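Enquirer: Coordinates for the following, if possible.
(chains A and B)
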Amino acid sequence: MKTTEHITQSIITYIRENFPRARQTELTGEEDLFETGIIDSLGILSIIGFIEEKYTIQVNDVDIVPEHFTTIAAIARYVSNASNGAVSDGAVLQSDTNSAG
Amino acid sequence: MDYLLHHLLLRSAQTAPDKIAVIDPEQTLTYSELTERAGYLVEVLRDLGVQPGDRVAFFWDHTVEQAICILAISAVGGIFVPINRLLLAPQVMHILRDSGAKILITQQQRYQKLLASQNIRSVVSSVLFEEDITGKSTLVPAAQRIENDIAALLYTSGSTGFPKGVMISHKNLLSGSSIVSDYLELTPDDHLLGVMQLSFDYGLNQLITMLDNGGTYSFLTYTLPNQMVTALQEQEITGFAAIPTVWNSLLRSTLGSIELPWLRFITNTGGSMPEMVTSFLRQALPQTKIYLMYGLTEAFRSTYLPPEDVDRKPASIGKPIPDTEIYVINEDGTLCAPGEVGELVHRGPTVSLGYWNKPRETARKFRPNPLSSHPGSDFERVVYSGDLAKFDEEGYLYFAGRKDAMIKSHGVRISPNEVENMILKTGLVREVAAIGVPDQYAEQVIKVFVVPMNTSDHTILQAQLVEKCMQSAPDYMIPRYIEEIEAIPKTPHGKINYPQLQNSQVSTTH
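Expert: A predicted model of the protein is given here:
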């Protein structure tokens, strides 16, 4: 789905900006973030902080498990589900907010 | 009488051979099995000609093999050199060369990935892999040693240059274990969850206290904080030790929403705990005792705050551990009054033997007791920690910063000098200075100020610098921020003016 793909791209951009080791390889979104050494256990916390802020969602602590946080694609799917399909990039999210208000 | 590290294993194996000693996700070894695995490695090492005092390094995942290595190396009379599993080839090679290791024990996959391209055979005479160390045999100690002999070299970043090997004696290890066992009230029923590497004295001591008490130690490598909570629950863990960055990560876990009735105590060292984290842990684990501690590798452990004082003195690092004196000394070498900040000086049986092959650095850090009542006929050495501290009126200690510019990131002590050397080696900059800046997750991250060699594009320089550093250093040493400046500020003596660089942060960033 397009939105999940968008989310994947934003996470990739964030990771490339903040995790130098990610710049050495092409990221498809399917690679194991930990096994490839792209991020470590502290890095995942900063990614969680990023998606919570960007997509105004609250990641439930129970959900921070390998199933949802081992690959970028899995994180994107999680975000997409968490925001109930209404998730998108900044502009659309803002218009959503406007219509809600 | 138990006075060498492996004596602890032999005693516990005799008392309770079928008790579980060590666990990792793949293997569970009883005391008798651990003894036999170590016994086999003793034979292998002896056959390779390991002599008393020879250094044997291991570079391995955080698994039971590390326990086998330290015990076998101790029993063969050697000195074990644990290598942080996160290090890359240049640091590993530095440790092998600096320690003069005769043998490296490592995993095939690790070796292929990191070390195969290095000329490792010019440094060590043998490399042992999985299949070389897997076997069982009766453990027969192979050498005469005494308690003051060196048991281990633990590599730690000093304020200058490359990491230095701190020489830890058998006596240091055994004293450390008895002291900690005393105040944590450890028993054979204890089962510790070990997430700290054995290349850190803190992690190593957890394993040793369990061998000493006949308890159980579980190795865990985690990526998500919930994996620690699951282990605490499923393995019915009674004691758990970590550093502030790990506790901080547990804020994003299910800790607090599940019952952990077995968890008797938790301990923190490696940095002061933010009060917010302490109060979260008090709420999440109301039945669990919290020990806030302070120490440095050179003297292992110095202070702890008794759990009953945590609510009253949450910012304190506590009081001296048993059998230990802590002084706060001012510039004149005399004791500070309560409230006065001075250097923390440690005296006691855990004072290590100094730095391997570094007599000058050793003499600077390990000095005669300034308060000795019989100076001149006193061979005792105390450790000058380089940490600033003060006592309050009731004799509780408070950490007040570093005397030097050491950086603390991901729980690791990093010398600015080491980062600066790494940056200079890239050949891209003329001058560089590294400092630590606060970070929400990692305690501090590294910021470097650089004077570029050529006036080049800022973005390209940053990318090139980072890329070159990535090839030679683990992630925690890679600068997060790079700022170009025209000149590095200096003190009148020509040294980098770190306080000025730090102060420039307060006003300009975040």
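Enquirer: going forward, measure contacts between C-alpha atoms and count neighbours the same way
Expert: Fine.
Enquirer: ok, then the element right after the lengthiest helix in chain A?
Expert: Taking DSSP state H as the criterion, chain A has its longest helix at helix A:2-18. Counting by DSSP states H and E, the element after helix A:2-18 in chain order, helix or strand, is helix A:41-54.
Enquirer: Give the buried residues for that following helix.
Expert: Applying a neighbour-count criterion of 16 or more other C-alpha atoms under 10 Å in any protein chain shown, one finds A:41, A:42, A:43, A:44, A:45, A:46, A:47, A:48, A:50, A:51, A:54 buried in helix A:41-54.
Enquirer: re earlier: who does the longest helix of chain A touch, helix- and strand-wise?
Expert: Packed against helix A:2-18, as judged by 3 or more C-alpha pairs under 8 Å, 6 or more residues apart in numbering or on different chains; DSSP states H and E, are the following elements: helix A:41-54, helix A:72-82.
Enquirer: What residues does chain A have near chain B?
Expert: With C-alpha under 8 Å from any C-alpha of the partner chain as the criterion, chain A comes near chain B at residues A:18, A:20-21, A:24, A:34, A:40-42, A:44-46, A:61-62, A:64-66.
Enquirer: farthest pair in those?
Expert: For these, the maximum inter-member distance is 32.2 Å, found between A:24 and A:62 (C-alpha to C-alpha).
Enquirer: In contact with the closest residue to chain A within the stretch 251-400 of chain B, which residues are there?
Expert: For the stretch 251-400 of chain B, the nearest residue to chain A under the criterion C-alpha to the nearest C-alpha is residue B:253, separated by 4.9 Å. With C-alpha atoms under 8 Å, 6 or more residues apart in numbering or on different chains as the criterion, the residues that contact residue B:253 are A:61, A:62, A:64, B:225, B:226, B:229.
Enquirer: just residue B:395 next, same as before
Expert: Counting by C-alpha under 8 Å, 6+ apart, residue B:395 makes contact with B:319, B:338.
Enquirer: So what does it look like in phi/psi?
Expert: Backbone torsions for residue B:395, taken as degrees, to the nearest 10, come to phi 90, psi 20.
Enquirer: Show me which of the contacts of residue B:253 is closest to residue B:107.
Expert: For the contacts of residue B:253, the closest approach to residue B:107 (C-alpha to C-alpha) belongs to residue B:225, at 26.3 Å.
Enquirer: ok, now which ones touch that closest one?
Expert: For residue B:225, the residues meeting the contact criterion (C-alpha under 8 Å, 6+ apart) are A:41, A:64, B:246, B:249, B:250, B:252, B:253.
Enquirer: What's the local residue count around the second one?
Expert: Neighbours of residue A:64 under the rule other C-alpha atoms under 10 Å in any protein chain shown: 22.
Enquirer: Report how many residues lie close to the closest residue to residue B:442 other than its chain neighbours.
Expert: By the measure of C-alpha to C-alpha, 6 or more residues apart in numbering or on different chains, the closest residue to residue B:442 outside its immediate chain neighbours is residue B:410, 4.8 Å from it. By other C-alpha under 10 Å, 21 other residues sit near residue B:410.
Enquirer: Surely residue B:410 touches residue B:245?
Expert: Yes: here residue B:410 reaches residue B:245: they are 6.3 Å apart, a contact under C-alpha atoms under 8 Å.
Enquirer: Identify the contacts common to the two.
Expert: Here residue B:410 and residue B:245 share the contacting residues B:442, B:443, scored by C-alpha under 8 Å, 6+ apart.
Enquirer: these two touch, right, residue B:154 and residue B:200?
Expert: Yes: taking contact to mean C-alpha under 8 Å, the distance of 7.0 Å between residue B:154 and residue B:200 places them in contact.
Enquirer: list residues touching both of the two?
Expert: When C-alpha under 8 Å, 6+ apart defines a contact, the residues bordering residue B:154 and residue B:200 alike are residue B:297.
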